[in-house]
Structure formats: structure tokens, C-alpha cells
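Student: Pasting the sequence and the predicted coordinates here, then a few questions.
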Amino acid sequence: MAKKMKTKRYFGTDGIRGAVGTYPITADFVLKLGWAAGKVLAEESAGSVLIGKDTRNSGYLFESALEAGLASAGVDVLLLGPIPTPAVAYLTRSFSASAGIVVSASHNSYRDNGIKFFNPNGQKLSDDQELAIEQMLSEEMVTVSSDNLGKASRIEDAAGRYGEFCKSCFPAELTLKGLKIVVDGANGAAYRIAPNVFRELGAEVIEIGTSPDGLNINEGVGATSPGALSEAVVAAGAELGIALDGDGDRLIMVDHVGEIVDGDELLFVITQYKKARNELMGGVVGTQMSNLGLQRALEQENIPFARSAVGDRHVMAMLEQKGWRIGGEGSGHILCLDAASTGDGIVSALQVLAAIVSQEQNLNRLKQGMTKFPQELVNVRCTQVPDLQCESILQAVHAAESKLGDLGRVLLRPSGTEPVVRVMVEGQERHQVIELAQEIADAVHRTVP
């Protein structure tokens, strides 16, 4: 009989996240979280722990709380300041650290914050490690003796180190000279690094979303609000636009006519480029949410495709299981394991740019090999997730599936990062897809406690 996984109380699909000031995103909890993580992770490795953060004003509070908690457990801390999540993953490996910690709520507003962890290999913690930290949280917090307290220091050139790494992921024989690019930093962690990387590789860069004030992260800009980028690209006559999210691990792009190019389409472009260079190494992993158009386009190219559960950690697990290197989500989390150990918006953008430059084709042309199926996503807000197997919801789902036949899909799932149930319907006819998604969402809403 398979071993049943214990339920985690605090860790979700991407660390611990919530509203600032509401338990567990409070100073006292994060202090003890730092201590608990220090106790668990220090037993596995003797190195320091890195702490990075995005540009939210609450980052100062939680950075300090983590620092104090880790020091009280006897762990040395290296502070990186505002820096993208994938930079923390890279630098954790570079410094042979015990772990990397990121203070960020990714694409959420400044009102939220969260804590993410990386292991010494720059990958998300395993379920067992997260459970061990949660178990330690139930213990009494005991500070080590004064002579064993951890020390803290700041890595002044962290951004520069990561920027050089990003540039190394772009083929040395290529250049971005002659390209005009709009870069949207989401007023987040990559607001300085991203424009500099593309500029130093030769591109003419126009910046938006690069003036963080602690409160405007992801506000009307970035990968979750690409409309501003689309307008800027068309207004500037740019070849393309690049949008990151608040912590720099997501990528959405815009082509020269202002059309938004999502993660599924970008994954297709990168895959085609890798295949042409004989660098594909197997197939591609998407998720349950990946567009049917991506699956069919890859099948036509005889490229294997597999679906994991939603979340980049599940994509990573399946890639490791199959020995493949490329995977991602429509939201813009793209994994290129031949270049980086985790989802990295800048590195992924450089793979797309390499395809554009080497094949002398614009982004609009390169995405034409994939035809997206109309897809409607409705978020049903709820303080408590209803029973998605109840009769009324199942009836709505079965009715939709019957109408869609073999040329569509229905998916319901609770979000791992927000208090919502996500209803996704995909099919050939947009009006039908929208109608069916709303019918199922209404059925879910009627059962919300």
C-alpha cells in the first residue's frame, strides 16, 4: 500500500503566502519559521542561508525576522537585497549554501507576502523537508548560546553575479543588436537587472514597470497585466516586449503587433528552437491547464508531451522523472533545465530571443506553428473550498463535457496560492467555452459555504 502523504499546514504549492499581518504572515511567525528552517536545514548542510526579497515594503520586516530566526538557530545569513527568485536559486548553488530563502508573494499585490525556500541545488524543497520544518515549528524555540549565534553579512555584488549568469545563457555567437525591446519589470525584483541584461547583449531597451515604491508591485504592469506592455510595444514600434512578474520567475511576451504571447506559446517557440539545434533531450512537460493547441502542435512535430499537476514544482518532478529538460505553464513559469535549476523569466526570454535572432524570424511568425484552442478561466472566490465532487457540480461538469465532446476539456481545481476555485473550459468555439465555464462557475458558487 502506498504511503499516505501527511497534510501540510502552512506550505502551499509555492511556499507560504498570505496577507501581511494575518497569520501566518506575521513577524512572530516568520521569526520562528527562520529558526525552524535553520534547525532543519543546518542538519543537512553546514553552509550559510541566503535571503533575497522583492520590492514590497513588507520585505524589510520579514527579511529581518528571518535573519533573527536563523541567527538564533546558529546559522549564518547572507543578505542579497531585492533580487529575483531565480537569482536566489542560482546564488544558493554558487555559494554552496545550505538553502536560499525568498521573501515574495510573486504575482500578488503588495498587500500579500510570502516565504519560498530553495535547497542547495537551487530547487524547491521536497515535501519531506517542508513537513520537517512544520514539525519543528511545533517545538519550543530555543536560542543557541551566544558564542554559537549566526552572523549576517551582505553580498554587495549579488545582482551583478546573477546578471552575468543570465547573459551566459544566451549563445555567444548571437547578438541582440538591432532589436528594440520593451521590458516590463512589474515594479518588482527584476526592475534593474532585466533591462541591464538585454541592454548589455546589444538591444535597445525601453523600460516600463521599473520604478518600484514598495506599494506598486504588479499594479497594472508585469506578466499578470500585459496590456500596458502591449500598448508600449505598439507605441514604440518595438520588435517585441518582455513582461516579468513581481519576483521574476514568470515570463509573458508581446509581439510586434501587440499580441500577447503566453507561456504555452513561448514553450512551443523554445521547444522548436531546441529541436532545431538537437538540444531537446526528450519531450515537453505541461500541466493540466496547458492549452490543447500546444499538445497537438508538439504531437505534429513528433515531440512527446506529458501533463503534470498544476505548479512548477510538479512540472519539475515530472521532468526529473522522465529525464527531460523543458516544461512550463501557460501562466509563464517556464523551466529550461539545461540553463537554470528553476523557472527564470529572464533566462526563458533569452531562449526565445535566441530563436528569433538565429532563425531571423519575428515572434509573431514563430508562434504560428501552434493554434491555441479558446480557453476560459473563471475564478470563484471562497473562504472555504466546497466539495467539488458534489452532485450539482458534477452534473454541470458532465453536461459541459458532453457538449464539448473530444475537442474540449473541463478542469476544476482549488488554487494553491489564492482563496479561489479555478474553473477552466477549453474547446473549439469561444462563445460556447465562455458560456460553459460560467455555468460551471455558477454551480460552484452556489455550493460555497
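Tutor: Happy to help now that I have it.
Student: what's the burial count for the nearest residue to Gly178 once chain neighbours are set aside?
Tutor: Excluding its sequence neighbours, the residue lying closest to Gly178 (CB to CB, 6 or more residues apart in numbering) is Gly202, at 7.7 Å. In this view, the C-beta of every residue, glycine as well, is placed from N, C-alpha and C. Look at Gly202: counted by other CB atoms under 10 Å, it has 15 neighbours.
Student: likewise Leu149?
Tutor: Neighbour number of Leu149 under other CB under 10 Å is 16.
Student: So it sits against Leu70, correct?
Tutor: No: with contact defined as CB atoms under 8 Å, Leu149 does not reach Leu70; the gap is 9.9 Å.
Student: before we move on, back to that, from Arg9, how far out is the residue nearest to Gly178?
Tutor: 49 Å (CB to CB, to the nearest Å).
Student: can you check Asp112 too?
Tutor: Counting by CB to CB, the gap from Asp112 to Arg9 is 18 Å.
Student: mind listing what the residue nearest to Gly178 touches?
Tutor: Gly202 sits next to 175-179 when contact means CB atoms under 8 Å, 6 or more residues apart in numbering.
Student: Highest neighbour count among these?
Tutor: Using other CB under 10 Å as the neighbour test, the contacts of Gly202 are led by Leu176, with 23 neighbours.
Student: Helix, strand, or coil at that one?
Tutor: coil (DSSP: H, G, I helix; E, B strand; the rest coil).
Student: Would you confirm that it contacts Leu353?
Tutor: Yes: here Leu176 reaches Leu353: they are 6.3 Å apart, a contact under CB under 8 Å.
Student: Next, the contact list for Gly286, please.
Tutor: Gly286 sits in contact with 264, 267, 294-295, 305-308, 315, 327-329, where contact means CB under 8 Å, 6+ apart.
Student: Okay, domains of the protein per the record?
Tutor: Structurally, the chain divides into domains by automatic domain parsing as follows: 16-155, 177-259, 262-345+352-372, 375-447.
Student: Centre of the chain to the longest one, how far?
Tutor: How far domain 16-155 lies from its chain's middle: 18 Å, per CA atoms, centre = their mean, to the nearest Å.
Student: still on that earlier bit, ranking the domains of the chain by mean pLDDT, which is last?
Tutor: Lowest mean pLDDT within the domains of the chain: domain 375-447, at a mean of 91.
Student: how long is that one end to end?
Tutor: One end of domain 375-447 to the other measures 24 Å (CA to CA, to the nearest Å).
Student: just to revisit the earlier point, reformat the contacts of Gly202 into a markdown table and put distance to Ala65 next to each item.
Tutor: Putting the contacts of Gly202 into a markdown table (distance: CB to CB, whole Å) gives the following:
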| residue | distance to Ala65 |
| --- | --- |
| Thr175 | 44 |
| Leu176 | 41 |
| Lys177 | 45 |
| Gly178 | 47 |
| Leu179 | 43 |
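Student: what's the farthest-apart pair in those residues?
Tutor: The span of those, defined through CB to CB, is set by Thr175 and Leu179 at 8.9 Å.
Student: Between these two, which contacts overlap?
Tutor: With CB under 8 Å, 6+ apart as the test, Thr175 and Leu179 both reach 202, 357.
Student: wait, what's in contact with the nearest residue to Ser94 once chain neighbours are set aside?
Tutor: Closest residue to Ser94 apart from its sequence neighbours, by CB to CB, 6+ apart: Arg161 at 6.8 Å. By CB under 8 Å, 6+ apart, the contact set of Arg161 is 90-91, 94, 155.
Student: Can I have the buried ones of those as a ChimeraX selection?
Tutor: Selection command for ChimeraX covering only the buried members of the contacts of Arg161, criterion 16 or more other CB atoms under 10 Å:
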select :90,91,155
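Student: Can I get the contacts of Arg161 in TSV including secondary structure and distance to Val142?
Tutor: Output for the contacts of Arg161, formatted as TSV (DSSP: H, G, I helix; E, B strand; the rest coil; distance: CB to CB, whole Å):
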residue	secondary structure	distance to Val142
Tyr90	helix	33
Leu91	helix	30
Ser94	helix	32
Ile155	coil	29
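Student: hang on, the earlier thing: from the contacts of Gly286, which single one is nearest Gly220?
Tutor: Looking across the contacts of Gly286 and measuring by CB to CB, the closest to Gly220 is Glu329, at 22.5 Å.
Student: gap between the closest one and Val357?
Tutor: For Glu329, the distance to Val357 - CB to CB - is 25 Å.
Student: which residues in the stretch 51-200 of the chain form helices?
Tutor: All helices of the stretch 51-200 of the chain, identified by DSSP state H, counting those that start in this stretch, fall at 59-72, 85-94, 127-137, 158-168, 193-200.
Student: Understood, closing this out.
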